[in-house]
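# take this sequence and fold it.
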Amino acid sequence: MNGSRLFRSGLIWSLGLWCLVWASMGLAGEQDKVRHFVTANGIQVYLVENTAIPMVEIRILTRGGGAHDPADRSGVAALTAWMFNEGGGELDSVAFQERLHYYGISMGASAGPDALEVSMTTLSEHLDEAWSRLGDAMLRPRFAPEDFQRGVRERLAELIKSEEEPTVQATRAIHPLIYGDHPYARPVNGTVESVKRIELADIRRHHGGAFRGAGLVIAVAGDVGLERLKGLVEKHLSGLDPLPGPFDWPAEASAPEEATGRETHVEMDLPQTTVRIGGIGIHRHDPDFYALTVMNQILGGGGLTSRLTRVIREERGLAYGVFSYFSPLSGRGPFMVGTETKTESLDEALALIRGELTRLAEEELDENELKDVQRYLTGSFPLQLDGLDKLADSWCRIGFYNRGLDYLDRWPERIRAVTREDVRRVAKRMLPLKKLHTVTVGKRRNADAKDGGSRPETAASPPSR
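Prediction:
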């Protein structure tokens with residue numbers, strides 16, 4: 001391959017990235033210009049045209065995430081995503097990667113619980129080449145056995161390495177407590193045992209079921225017009241099967257009404273203890289979505305301004321960071337609180353966290369605190385849309401989860417409409433201490449070893465195996 005061409009391609013790519021940074025502040029309002037169309041084979045396409053810089057961002061979502069893996073082979077979706085750009089059409093893995101690099105095209109895929117996601121970034125002058133490679137990866141994947149074996153080896157190495165990560169162990173331990181035998185309980189990347197069971201036929205089957213016209217959502221942001229985009233999609237993706245694939249939305253997850261929270265400890269020889277407290281949350285169409293967004297910001301989603309940070313970090317100095325978040329999915333995603341603290345201060349940190357959860361659910365919220373959080377959320381909202389990549393990502397998720405073309409327009413007003421009563425009500429719903437599960441990862445507390453002491457369940461071995 002000609003070295004000067006590679007250098008020039010890399011230089012153009014670097015300049016494009018710098019242009020994106022310079023122009024990003026002018027992109028926040030481009031969502032008003034979104035255009036939408038549906039192809040003959042059922043692909044939903046969203047376009048945000050912006051000609052300020054000669055770049056294009058593409059995001060694709062389709063059903064086929066980790067929740068759709070066979071129960072005994074979790075990790076199929078993640079391996080399918082790993083193999084997405086490992087050759088297609090007449091190009092083997094090496095040739096495919098060299099072609100992408102030659103034109104400065106970035107392409108990759110990942111798996112979440114609900115979906116497979118494809119991302120692609122290219123200069124607008126190379127759009128034809130980029131979409132050609134995209135078509136090869138979707139419709140004509142190579143799936144060479146040697147590439148598959150390499151992917152399995154890499155994934156196993158990652159999983160074994162992750163056994164040393166307390167945050168990974170905490171996540172693996174708490175999701176089964178929250179979800180029981182629901183597919184959301186299974187790790188998207190799989191386990192050592194489950195990945196060893198995966199065969200190349202599983203990857204072929206999963207790819208074929210996921211990449212079909214029906215259910216596929218594409219969002220494009222950048223320097224491409226509507227007619228040109230229609231032509232590219234028609235030329236390169238019209239061969240996708242228009243019939244729905246085998247993957248439907250996962251069944252609604254729910255916690256039994258009588259369920260009580262459990263406490264589990266994973267033993268690791270560490271100077272700090274990692275904490276996760278969580279329970280079942282909501283889905284994206286839940287009427288409490290916006291109230292929970294505000295509540296979470298107050299509790300632990302607001303960084304240095306949140307209640308948990310003030311109490312745990314600033315007033316007591318028990319942890320460098322503490323957070324809360326919720327992950328809305330097609331079904332009810334998890335709500336989680338987390339931190340890391342010295343083992344000797346674990347009991348104090350847990351008591352303070354649980355105290356803040358109770359206070360938010362039982363005490364009346366100050367009106368000024370609510371208004372401050374609403375101003376922050378609405379004021380920082382444009383920053384979520386200040387780049388082509390963020391626009392493409394946002395519109396892809398809006399389309400995939402059927403949030404409506406007015407979703408971004410109405411988001412600020414819906415946040416401002418949340419009342420103090422709404423926050424308190426959703427806190428009562430989401431934060432009942434008796435139903436929240438607790439996982440700690442680290443050395444066992446001395447108090448746990450005393451006769452008659454409160455002793456959490458202990459994982460006998462790392463859950464990833």
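
# only C-alpha atoms from now on, for both contacts and neighbour counts.
Noted.

# give me the pLDDT value at the residue nearest to V426 when sequence neighbours are not counted.
Among residues not flanking V426 along the chain, L292 sits closest, at 6.3 Å (CA to CA, 6 or more residues apart in numbering). At L292, the model reports a pLDDT of 97.

# mind listing what L292 touches?
Shown in contact with L292 (CA atoms under 8 Å, 6 or more residues apart in numbering): V423, V426, A427.

# can you check V224 too?
Taking CA under 8 Å, 6+ apart, we find V224 in contact with E49, N50, T51, V56, S124.

# and it, that's in a strand?
No. Read with DSSP: H, G, I helix; E, B strand; the rest coil, V224 is coil and lies in no strand.

# pLDDT wise, what is it at?
At V224, the predicted lDDT confidence score is 97.

# how near is it to R354?
51 Å (CA to CA, to the nearest Å).

# repeat that for V441.
Taking CA to CA, one finds V441 at 18 Å from R354.

# what about the two, which has more around it?
The neighbour comparison of V441 against R354 (other CA atoms under 10 Å) goes to V441, with 28 against 17.

# so I218, which of the three states?
Going by three-state DSSP: I218 is strand.

# contacts only, for it.
Each residue near I218 by CA under 8 Å, 6+ apart is listed here: I43, Q44, V45, Y46, I58, R59, I60, L61, C396.

# export the residues you listed as JSON lines, with columns for pLDDT.
Below are the contacts of I218 laid out as JSON lines (pLDDT from 0 to 100):
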{"residue": "I43", "pLDDT": "98"}
{"residue": "Q44", "pLDDT": "98"}
{"residue": "V45", "pLDDT": "98"}
{"residue": "Y46", "pLDDT": "98"}
{"residue": "I58", "pLDDT": "98"}
{"residue": "R59", "pLDDT": "98"}
{"residue": "I60", "pLDDT": "98"}
{"residue": "L61", "pLDDT": "98"}
{"residue": "C396", "pLDDT": "97"}
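
# who's in contact with D422?
The contact partners of D422, by CA under 8 Å, 6+ apart, come to A291.

# what's the nearest residue to the most centrally placed residue in the chain if we skip its chain neighbours?
In the chain, the centroid-proximal residue (CA atoms, centre = their mean) is G112; its distance is 5.9 Å. Among residues not flanking G112 along the chain, G65 sits closest, at 5.2 Å (CA to CA, 6+ apart).

# and G190, by the same measure?
G190 sits nearest to G75 (CA to CA, 6+ apart), 3.9 Å away.

# list the residues that contact the one you found.
Going by CA under 8 Å, 6+ apart, G75 touches G66, D69, P187, V188, N189, G190, T191, S194, V195, I198.

# show the contacting residues for the second one.
It refers to D69. With CA under 8 Å, 6+ apart, D69 has these contacts: G75, V76, A77.

# which ones among the residues you listed map onto helices?
V76, A77 (DSSP state H).

# closest to H36 out of the contacts of D69?
Of all these, A77 has the smallest distance to H36: 28.0 Å, by CA to CA.

# tally of neighbours for the closest one?
Counted with other CA under 10 Å, A77 comes out at 32.

# T191 too?
With other CA under 10 Å as criterion, T191 counts 23.

# next: T440.
By other CA under 10 Å, 30 other residues sit near T440.

# if I look at it, how far off is G278?
12 Å.

# what do you get for R186?
R186 sits 16 Å away from G278, taking CA to CA as the criterion.

# go ahead and confirm the residue nearest to G112 touches A77.
Yes. Using CA atoms under 8 Å, G65 is in contact with A77, at 5.5 Å.

# common neighbours of those two, please.
Contacts common to G65 and A77, judged by CA under 8 Å, 6+ apart, are A111, L116, V188.

# including pLDDT and neighbour count, could the contacts of V224 go into a markdown table?
Output for these, formatted as a markdown table (pLDDT from 0 to 100; neighbours: other CA atoms under 10 Å):
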| residue | pLDDT | neighbour count |
| --- | --- | --- |
| E49 | 96 | 20 |
| N50 | 95 | 19 |
| T51 | 94 | 14 |
| V56 | 98 | 25 |
| S124 | 97 | 18 |
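
# neighbour count: R186 and G278, which is higher?
Neighbours were tallied for R186 and for G278 using other CA under 10 Å; the higher tally belongs to G278 (28 against 24).

# just to revisit the earlier point, now the contacts of D69 as JSON lines including distance to S327 and pLDDT?
Conversion of those to JSON lines gives the following (distance: CA to CA, whole Å; pLDDT from 0 to 100):
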{"residue": "G75", "distance to S327": "20", "pLDDT": "98"}
{"residue": "V76", "distance to S327": "22", "pLDDT": "98"}
{"residue": "A77", "distance to S327": "19", "pLDDT": "98"}
